[in-house]
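J.: generate a structure from the sequence data that follows.
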Amino acid sequence: MQHLVCRAPQQLQQPGSRWQLATVRAACEWLQTRSLACVWRTLKRCGIRLKRGRDYVHSPDAHYLAKLADIVAALEKARHAKGGVILVFLDEFSFYRQPTLARDWGVRGAANQPLAQRSLQANTCGRVIAGLNAISGQTTALLASKIGIHQMVTFWQALRAAYPQAETIYVVVDNWPLHYHPDVLAALEPQRTVWELKTPASWPRQARASAKRLGLPIQLLPLPTYASWCNPIEKLWRKLQQEVLHLHGYADDWTKLKEKVQEFLDDLREGSTEILRYVGLTAKSKLFGALFAPKANPTG
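T.: A predicted model of the protein is given here:
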């Protein structure tokens with residue numbers, strides 16, 4: 001039965017895109033004389049439940065494992081460099097004036113349902129760039145109304161200022177083309193990655209004369225294409241939503257909402273083991289956990 005429901009109904013000449021009790025019965029000869037209630041009880045005894053679907057995409061990147069291997073190698077360097085090498089996971093996030101819906105505690109009954117108090121003003125958008133230190137949890141962030149070339153270069157400068165003694169700062173980035181714009185790369189030292197840093201064909205191939213050439217010791221490590229689950233900082237945005245944005249009461253006070261977001265980011269400036277645990281950068285991590293597991297003592 002478990003094998004059956006893991007296949008598409010069409011493979012067993014049944015209609016519909018999902019299994020129903022009637023099509024399960026029709027596909028199983030030994031169930032065809034049974035009632036639908038009997039089919040339901042049979043599925044239950046076999047450990048099969050009606051479950052909600054989830055969005056799913058598999059990275060099409062042919063170099064998926066090789067790119068992850070580069071990140072793991074840089075993370076290993078950062079663990080043993082005592083501050084000389086830093087690895088940061090970077091991402092951008094958008095938040096809006098209108099509160100997001102979520103559950104909250106309340107008295108039973110529809111009259112006491114938690115409310116997302118919305119504003120009649122336009123749903124203004126704010127943007128955040130943040131980099132999470134994989135070893136310490138220290139978070140460097142920039143809050144802006146938009147993210148363009150200027151904001152990216154400003155963030156690179158802030159990241160360098162956060163680690164003035166580092167010889168190399170590895171930054172794990174997704175494949176948003178702005179990360180690889182020639183004017184953005186001009187602020188960094190020459191990149192050593194073997195992977196193509198793709199940008200739209202309409203963009204210039206060379207940085208403009210006005211671009212800032214700062215020689216910042218930052219090396220970009222591209223994530224595999226469409227593989228956001230490989231970037232632990234994605235979970236930081238979930239924490240921001242849980243603690244600040246869900247059902248917030250500042251829809252009519254955009255300045256106050258931005259202050260609350262900034263306070264959340266400021267609290268992460270020094271890092272902590274708690275934030276590392278929350279985003280999954282511990283020995284229990286399915287992706288990077290082996291790097292954080294205690295090493296066996298060869299003499300003990």
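
J.: how about Glu243: what's its closest non-neighbour residue?
T.: Phe264 (6.4 Å; C-beta to C-beta, 6 or more residues apart in numbering). Glycine gets a C-beta too; all of them are placed from N, C-alpha and C.

J.: and the one you found, what element?
T.: Following DSSP states H and E, one finds Phe264 within helix 254-267.

J.: the helix or strand just after that helix packs against which elements?
T.: Going down the chain from helix 254-267, the next helix or strand is helix 273-279, by DSSP H and E. With contacts taken as 3 or more C-beta pairs under 8 Å, 6 or more residues apart in numbering; DSSP states H and E, helix 273-279 sits against helix 234-240.

J.: was I right about Ala251 contacting Leu115?
T.: No: contact criterion C-beta atoms under 8 Å: Ala251 and Leu115 do not qualify, at 11.1 Å.

J.: between these two, tell me which one has more neighbours.
T.: Ala251 (19 against 12; other C-beta atoms under 10 Å).

J.: which residues does that one contact?
T.: Arg97, Gln98, Pro99, Gln117, Arg118, Ser119, Gln121, Leu257 (C-beta atoms under 8 Å, 6 or more residues apart in numbering).

J.: so which strand or helix has it?
T.: Per DSSP H and E, Ala251 falls between elements, in no helix or strand.

J.: before we move on, what about Val171?
T.: Per DSSP H and E: strand 168-173 holds Val171.

J.: how's the chain carved up into domains?
T.: With domains defined by automatic domain parsing, the chain comprises 2-45, 64-292.

J.: out of those, deepest packed?
T.: domain 64-292 (a mean of 16; mean count of other C-beta atoms under 10 Å).

J.: distance from that one to the middle of the chain?
T.: Relative to its chain's centre, domain 64-292 lies at 9 Å (C-alpha atoms, centre = their mean, to the nearest Å).

J.: host element of Arg25?
T.: With DSSP H and E as criterion, Arg25 is part of helix 21-27.

J.: immediately after that helix, which helix or strand?
T.: Next along from helix 21-27, by DSSP H and E: helix 36-45.

J.: dump that next one to PDB, keeping only the CA atoms.
T.: The C-alpha coordinates for helix 36-45 follow below in PDB (Å, rounded to 0.1, in the frame of the first residue of the first chain):
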ATOM      1  CA  LEU A  36     -14.600   3.100   1.200                       C
ATOM      2  CA  ALA A  37     -14.600   3.100   5.000                       C
ATOM      3  CA  CYS A  38     -12.800  -0.200   4.800                       C
ATOM      4  CA  VAL A  39     -10.200   1.300   2.400                       C
ATOM      5  CA  TRP A  40      -9.700   4.200   4.800                       C
ATOM      6  CA  ARG A  41      -9.100   1.800   7.700                       C
ATOM      7  CA  THR A  42      -6.700  -0.300   5.700                       C
ATOM      8  CA  LEU A  43      -4.700   2.800   4.800                       C
ATOM      9  CA  LYS A  44      -4.600   3.800   8.400                       C
ATOM     10  CA  ARG A  45      -3.400   0.300   9.500                       C
END
